[in-house]
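Enquirer: Predicted model, plus sequence, below.
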Amino acid sequence: MQDEAQDIVVDARGHRCPVPTLKLRRALERASAGAVVRLLADDPMARIDVPHFAGQVGATVLAAGEADGALRFRVRKGG
């Protein structure tokens, strides 16, 4: 698995739905296949939106959790 230090980091804290998912989409579109994007969000809807979006685009949620008041997701681009 890719080292977390190589993750593409997207900080969507302070934004409400659908912005965190749109930022994740843009990052995944620019990333190469197999790249990992780490999304930080504080909108509670991200708990639902991110896994749903990942499933739609063939990405994999590697980890999801909460720390320091932010939701944290690691999402691997498929392909």
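Expert: Everything's here; your move.

Enquirer: isn't A12 right up against L39?
Expert: Yes. A12 sits in contact with L39 when judged by CB atoms under 8 Å, with a separation of 6.3 Å. Every residue, glycine included, has its C-beta placed from N, CA and C.

Enquirer: more neighbours, the two?
Expert: Of the pair A12 and L39, L39 is the one with more neighbours under other CB atoms under 10 Å, namely 27 against 22.

Enquirer: That one touches D49, doesn't it?
Expert: No. Counting by CB under 8 Å, L39 sits too far from D49 to count as a contact (10.3 Å).

Enquirer: what is in contact with those two at once?
Expert: Both L39 and D49 are contacted by P20, under the criterion CB atoms under 8 Å, 6 or more residues apart in numbering.

Enquirer: so A70 bridges to which residues?
Expert: As for beta bridges, A70 partners with A67 under DSSP bridges.

Enquirer: beta partners for the most centrally placed residue in the chain?
Expert: In the chain, the residue lying closest to the centroid (CA atoms, centre = their mean) is L39, at 3.8 Å. Here L39 shows beta-bridge partners V10, F73, assigned using DSSP bridges.

Enquirer: what does the model give it for pLDDT?
Expert: pLDDT recorded at L39 is 98.

Enquirer: likewise D42?
Expert: 97.
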